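Student: Sequence and predicted structure are below.
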Amino acid sequence: MPKMSRIGVPPVSAKARWERETLEPTLRKSPERPGPFSTISGRPIERLYTAEDVEARGGTASPAPPGNFPYVRGLHPTGYRGKLWTMRQFAGYGTPEETNQRYKDLIAAGGTGLSVAFDLPTLMGRDPDHPLSLGEVGKCGVSITSLADMERLFEGIPLSDITTSMTINSPAPMILAMYLVVAEKQGADWRAISGTLQNDILKEFIAQKEYIFPPRPSMRLITDVFAFCSAHVPRWNTISVSGYHIREAGSTAAQELAFTLRDGLEYVQYGVDAGLDVDDFVPRMSFFFNSHSDFFEEIAKYRAARKLWADAMRDRFGAKNPRSWQLRFHTQTAGVSLTAQQPYNNVVRTALQALAAVLGGTNSLHTNSLDEALALPTKESATIALRTQQIIAHESGVANVVDPLGGSYFVEALTRDMEREVLTYWDTIDRMGGMVAAIERGYPQREIAEASYQFQQAVERQERIIVGVNDFVQADEKPLEILYIDDTTADTQLARLADLRRTRDHHRVQQSLEALKTVAHGRGNTMEPLLDCVRAYATVGEICDALREVWGEYEEVPVI
Amino acid sequence: MSQKIRVVIAKPGLDGHDRGAKVIARALRDAGMEVIYTGLRQTPEQIVSAALQEDADVIGLSILSGAHMHICPRIIELLREKGLEDVQVVLGGIIPDQDVPKLNVMGITGIFIPGTPMQHIVDFIIAHARARL
């Protein structure tokens, strides 16, 4: 109830008074720029935010302190004073030996975790000799055909001393099996090793499109990994539910958050339906978000993410372990925001995006290289990207204090806006019967395609300025030296594959693939037979083909 | 005569990054062209056969994975075999500078890297496809 003044009229709010007495005379003398004043996602932004604006949204300008539910201000009471975020640079190209060398360089430069980029044939479960692999071997990442390549990839890198993130989805269980066998051969204890498997198939159907099997058997592979790891590899992060690709495909910030977290809820539901206890597997789930160019919108997104997840785990799934409530996430700066034109400007874009991720409380971070829009990074550009994080961590002073933006009227109001928009999307998806059903109807795909087209239109009309692209253009640009990947990788990998097929125990390979098919037809956990296939040096393509025989392949209806 | 320009937009190879292909497909359609989007993971054979069936004036390829130097020559060769030399082939994606002259020699004259204005692509296609109509 507003307080009534003596003459019975509600008092004018402080903001309204300021608008009348201070703002209006100013606007009469000097009007504002034409705008639009809106975020990169198209969200209108007010001129000024006050405590009234936060309250009007049902939010609070003083959320619970860090380390307390619902963790808007962060998971850890000490923020980055305890431990800095992990500087985890995604890398991989060419042969396993070339990538191995890049990892050793990154470790020597102070990188604190590895992150493997696989090439498209590996990601799609195809061997280098498949017709669709033509021209793709070793191009977008490292080529891993069998356990032998995985052994080469981690040669001289003790898996007990490093954490490894592996960006792979449809063949995630096969690659995890390879990693575990390499660890076994190095003498590392499965109970002690740690790392992250992306293993997030839903966003593949939604955005990145690296799917193999239909949604339902794909979901089974994921719950098999949950169950296997909670029993045998307890420190492994079994899934990294990813918004990165959704955002890169053109979604808004709120869509990225809504679809990603809703994907997360879908995995939890499937885990529960498979008979797992929420508090047994949810603490090993992690998330992966984009950091785009709109500074405050991104910060609000991360803060809202923690609250939404904590609420949903506690109230929707009845999780009791606080670790189930705590959303941990990796961030990568927005590749899509980087330009081929005047590429050195990309260092600045990336620095701002990285700062947003840090102020939003990211647990680990990848910063893109300035040549992202041209090629895979050179060693020099990858080093500048890592140095960007080190400058934020060690020079800017932002890591001295926990959640410095907490209580900012603008950030708190935006956090609340983000939360409300996400909840509206969740309602819609729940009404469709969940995320798998929504994907089958093409709902998130259509929402993203629409947002991406709207953004492109705004760029075309110059309502959105991209420096160096649609304004401040420079005619006389000098070309940048880029990493050029030739075809020797394909030749090497093809020769190795032929050699492997000649020298391995053919009978053992066939037997292990048959055993896998039997389990796939039934209901058992696929991880054990997958480990046997890997130990027999069956290839990624052969293992995926065996499962294609059982489950078929997914084909999407394209949405424009 | 106001016959619509017919464009097949295709994603060859294993790459699933289809944001660019879809945005361009829609922009060309909004510019009054007849657009057929093939969907993902098309082989060169499938793309050329789509162009034949759809009586396409233009094939627009979107390749971000680095496989263009394998895929493009194969498509050009297949078009020649089918007597479709007059179909204009344009290419969008991540294409290193050093590959551009080789692609030009092959007959791919429209090469559009990230940041190219859509209107530029529309104008290019209109200018080069009109000759056939």
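Tutor: In hand now; what should we look at? A quick note: this is a predicted structure, and the numbers were derived from the prediction, not measured.

Student: use CA for all of it now, contacts and neighbours both
Tutor: Noted.

Student: what ranges of chain B fall below the confidence cut-off?
Tutor: With pLDDT under 70 as the threshold, chain B has low-confidence stretches at B:1-2, B:130-133.

Student: For it, which segments count as helices?
Tutor: B:19-30, B:44-53, B:68-81, B:100-106, B:118-129 (DSSP state H).

Student: Including mean neighbour count and distance to residue B:10, could the ones you listed go into TSV?
Tutor: TSV is the format used below for the helices of chain B (neighbours: other Cα atoms under 10 Å in any protein chain shown; distance: least, Cα to Cα, whole Å):
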stretch	mean neighbour count	distance to residue B:10
helix B:19-30	20	7
helix B:44-53	19	7
helix B:68-81	18	11
helix B:100-106	14	17
helix B:118-129	16	15
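
Student: Residue A:550: which of the ones you listed is closest?
Tutor: helix B:44-53 (25.9 Å; Cα to Cα).

Student: Contacts (any at all) between chain A and that closest one?
Tutor: No: against chain A, helix B:44-53 shows no contacts by Cα under 8 Å from any Cα of the partner chain, the least distance being 9.7 Å.

Student: Around chain A, pick out the residues from chain B.
Tutor: Within chain B, the residues that sit near chain A (Cα under 8 Å from any Cα) are B:13-19, B:22-23, B:25-26, B:37, B:39, B:41, B:43, B:65-71, B:94-97, B:113-119.

Student: Quick one, which of the helices of chain B gets closest to residue A:236.
Tutor: So among these, helix B:19-30 is nearest, using Cα to Cα, at 32.4 Å.

Student: how about residue A:164, phi and psi?
Tutor: Note on residue A:164: backbone dihedrals following degrees, to the nearest 10 are phi -130, psi 130.

Student: Might one say that it is in contact with residue A:117?
Tutor: No: counting by Cα atoms under 8 Å, residue A:164 does not reach residue A:117; the two are 11.1 Å apart.

Student: between the two, who's got more neighbours?
Tutor: A count of neighbours by other Cα atoms under 10 Å in any protein chain shown puts residue A:117 above the other of residue A:164 and residue A:117, at 23 against 20.

Student: residues touching the more buried one, list them.
Tutor: A:90, A:91, A:92, A:93, A:140, A:141, A:142, A:166, A:167 (Cα atoms under 8 Å, 6 or more residues apart in numbering or on different chains).

Student: For the closest residue to residue A:62 other than its chain neighbours, which three-state class applies?
Tutor: In space, residue A:62 comes closest to residue A:407 once its chain neighbours are excluded; the distance is 5.3 Å by Cα to Cα, 6 or more residues apart in numbering or on different chains. The three-state assignment at residue A:407 reads coil, by DSSP: H, G, I helix; E, B strand; the rest coil.

Student: any idea how far residue A:407 is from chain B?
Tutor: Going from residue A:407 to chain B by Cα to the nearest Cα, to the nearest Å gives 37 Å.

Student: how far away is that residue from residue A:196?
Tutor: 33 Å (Cα to Cα, to the nearest Å).

Student: So the two - more neighbours on which side?
Tutor: Higher neighbour count among residue A:407 and residue A:196: residue A:196, with 22 against 17, using other Cα under 10 Å.

Student: ok, now which ones touch the more buried one?
Tutor: A:163, A:164, A:165, A:166, A:236, A:237, A:238, A:239, A:240.

Student: Check the spacing between the residue positioned nearest the centre of chain B and residue A:206 real quick.
Tutor: Ranked by distance to the mean C-alpha position of chain B (Cα atoms, centre = their mean), the top residue is residue B:60 at 1.5 Å. According to Cα to Cα, residue B:60 stands 23 Å off from residue A:206.

Student: Get me the contact residues on the stretch 201-350 of chain A for chain B.
Tutor: A:207, A:208, A:209, A:210, A:249, A:250, A:339, A:340, A:341.

Student: In this structure the fifth one contacts residue A:205, no?
Tutor: No: with contacts counted by Cα under 8 Å, residue A:249 stays clear of residue A:205, the gap being 11.9 Å.

Student: At the contact with chain B, which residues of chain A appear?
Tutor: A:120-121, A:124, A:132-136, A:139-140, A:207-210, A:249-250, A:339-341, A:373-375, A:449, A:452-453, A:456, A:460, A:469-470, A:479, A:557-558, A:560.

Student: Generate a PyMOL selection restricted to the buried entries among these.
Tutor: Buried residues among these (16 or more other Cα atoms under 10 Å in any protein chain shown), as a PyMOL selection:
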select buried, chain A and resi 120+121+124+132+133+134+135+136+139+140+207+208+209+210+249+250+339+340+341+373+374+375+449+452+453+456+460+469+470+560
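
Student: Please narrow the residues of chain A next to chain B to those residing in helices.
Tutor: Under the assignment DSSP H, these contribute A:120, A:121, A:449, A:452, A:453, A:456, A:460 to helices.

Student: Tabulate those (a markdown table), appending distance to residue A:540 and pLDDT.
Tutor: Formatted as a markdown table, those follow (distance: Cα to Cα, whole Å; pLDDT from 0 to 100):
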| residue | distance to residue A:540 | pLDDT |
| --- | --- | --- |
| A:120 | 12 | 95 |
| A:121 | 9 | 97 |
| A:449 | 32 | 95 |
| A:452 | 34 | 96 |
| A:453 | 36 | 95 |
| A:456 | 38 | 94 |
| A:460 | 43 | 94 |
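
Student: Pull the most distant pair out of those.
Tutor: A:121 and A:460 (35.0 Å).

Student: ok, for residue 99, nearest residue in space, not its chain neighbours?
Tutor: All of this refers to chain A. residue A:92 (5.2 Å).

Student: look at chain B instead
Tutor: Per Cα to Cα, 6+ apart, closest to residue B:99 is residue B:69, 7.6 Å.
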